[in-house]
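*Asks:* Build me a model:
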Amino acid sequence: MPINLRQLAKLLEISPTTVSRALAGYSDVSSKTRRRVQKAAKKHNYHPNPLAQRLQKGKAETIGIALSPGQNYFKDTFFLDLLAGISVSLSKIGYDLTIAVAPDSSQEIKSLQRMVQGKRVDGVILTETKAHDERISYLLDQQFPFVLYGRTEDPRPHAFVDMDGELAFREACKSLIELGHKRIALINGKLEYMFPVFCLEGYRNGLKSGGLTFDPVLVKEWKPEDMHLSGYEHTLALMKLAKPPTAILFHTGTASGILQALYKINLTVGRDVSLIGYDDLEIAKTNIPPLTVMRTAGRNAGKKLVEILMEVIDGRSPEKLNQIWKAEMVLRQSTCQL
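*Replies:* Okay, the predicted model is just below:
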């Protein structure tokens with residue numbers, strides 16, 4: 001039968017505090033005493049309370065992810081891949097992960113405050129960043145460790161990892177122009193978030209470098225709460241234009257809706273319409289024909305976020321840790337020469 005801390009201390013004839021510190025690995029306990037305590041704990045099936053150990057160390061040994069409301073995160077395979085990278089990396093260093101999703105935008109800061117002020121976490125990871133993000137301002141004001149997956153316009157030093165959306169969409173646009181396309185549509189995310197802003201910038205720069213004029217009717221915004229329906233409705237609307245696009249750039253999360261719409265109006269991908277998606281989700285690989293994509297680094301980005309956050313927690317200057325990654329173009333069979 002397992003024994004408790006006081007019983008183990010009495011058996012060893014030392015104080016409960018010494019037993020606790022020995023099992024937590026504190027250097028002020030001699031190696032001889034530490035080995036003796038560990039041996040006795042194993043023999044008598046004693047397991048220290050992890051919460052008590054964390055409180056004693058002054059650390060929660062937990063990292064928080066604060067998610068914005070209105071996003072269908074757990075149907076987003078990219079986010080799940082990112083989350084897997086974060087979770088596995090934290091597990092390897094003995095940290096737990098807690099996820100806070102605010103019920104609505106008015107509760108977003110309160111949700112974050114509960115994690116920070118309650119000392120429930122040692123650091124925070126934020127995604128879906130905005131140009132002027134109240135969450136980021138709050139964490140900077142509190143001088144609380146955090147890392148972003150994305151960027152913001154706050155000039156104060158902070159750590160982030162991001163994909164180069166401008167470069168990705170500029171190069172994708174350029175490749176379609178080289179195939180002869182002159183009417184290229186973009187199904188983009190909401191411009192209140194930073195990454196879609198970069199994507200639109202890259203799209204416009206790609207058109208300009210290819211000698212094409214930007215046409216706002218060719219740009220649509222998908223709704224994060226239903227990416228499939230957004231892809232479907234926007235594609236039907238685009239194809240009803242007097243001058244419909246011959247190519248579409250999009251986030252691969254909307255691919256199923258786009259493909260369904262094109263099938264409905266009897267247009268064949270890779271022959272009648274060219275498609276290039278952002279992110280190499282499963283649908284891009286298994287669709288017939290398979291879709292050309294800009295491949296991102298979901299799981300690896302998750303690992304890097306943890307690595308950087310741990311350095312911030314340890315006191316490293318956050319601005320020296322920032323990384324912007326380039327997406328990889330994966331050519332398949334969803335584009336055609338005009």
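*Asks:* Return the helix or strand in this protein with minimum mean pLDDT.
*Replies:* Using mean pLDDT, DSSP states H and E, helix 50-57 stands out as the lowest-scoring helix or strand of the chain, at a mean of 55.
*Asks:* Tell me which residues are up against stretch 27-41.
*Replies:* For stretch 27-41, contacts defined as CB atoms under 8 Å, 6 or more residues apart in numbering pick out 8, 11-12, 14, 18-19, 21-23, 25, 46-48. The C-beta positions use only the backbone N, C-alpha and C, and glycine is treated the same way.
*Asks:* ok, of those residues, which come out buried?
*Replies:* L8, L12, I14, T18, V19, R21, A22, L23, Y46, P48 (16 or more other CB atoms under 10 Å).
*Asks:* Least confident of these?
*Replies:* For those, the weakest pLDDT value sits at P48, with 71.
*Asks:* so that one touches L23, yeah?
*Replies:* Yes: if you go by CB atoms under 8 Å, P48 and L23 touch, sitting 5.0 Å apart.
*Asks:* Which members of the buried ones among the contacts of stretch 27-41 occur in helices, if any?
*Replies:* The members of the buried ones among the contacts of stretch 27-41 that map onto helices under DSSP state H are L8, L12, T18, V19, R21, A22, L23.
*Asks:* Just give the closest residue to the second one, not the sequence neighbours.
*Replies:* Read it as L12. Residue nearest to L12 in three dimensions, not counting chain neighbours: A40, with 5.7 Å by CB to CB, 6 or more residues apart in numbering.
*Asks:* Which secondary structure element is home to the one you found?
*Replies:* Counting by DSSP states H and E, the element that carries A40 is helix 31-43.
*Asks:* what mean pLDDT does that helix have?
*Replies:* 88.
*Asks:* Then stretch 78-92?
*Replies:* If you average the pLDDT values across stretch 78-92, you get 89.
*Asks:* How about stretch 132-152?
*Replies:* For stretch 132-152, the per-residue pLDDT averages 94.
*Asks:* How about residues contacting stretch 191-206?
*Replies:* Contacts for stretch 191-206 (CB under 8 Å, 6+ apart): 128-131, 150-153, 162-174, 177, 184, 186, 188-190, 214, 219, 221, 249, 278.
*Asks:* which ones among those residues are found in helices?
*Replies:* G165, E166, L167, A168, F169, R170, E171, A172, C173, K174, I177.
*Asks:* Sort out which one of those lies nearest S105 for me.
*Replies:* The shortest gap between S105 and any of those belongs to G165, at 23.4 Å (CB to CB).
*Asks:* Name the nearest residue to the closest one, ignoring sequence neighbours.
*Replies:* Nearest to G165 is F198, by CB to CB, 6+ apart, at 3.6 Å.
*Asks:* what's the burial count for K42?
*Replies:* Close neighbours of K42, defined as other CB atoms under 10 Å, add up to 10.
*Asks:* distance of A297 from R6?
*Replies:* Distance, A297 to R6, by CB to CB, to the nearest Å: 50 Å.
*Asks:* A301 now?
*Replies:* Distance of A301 to R6, computed by CB to CB: 46 Å.
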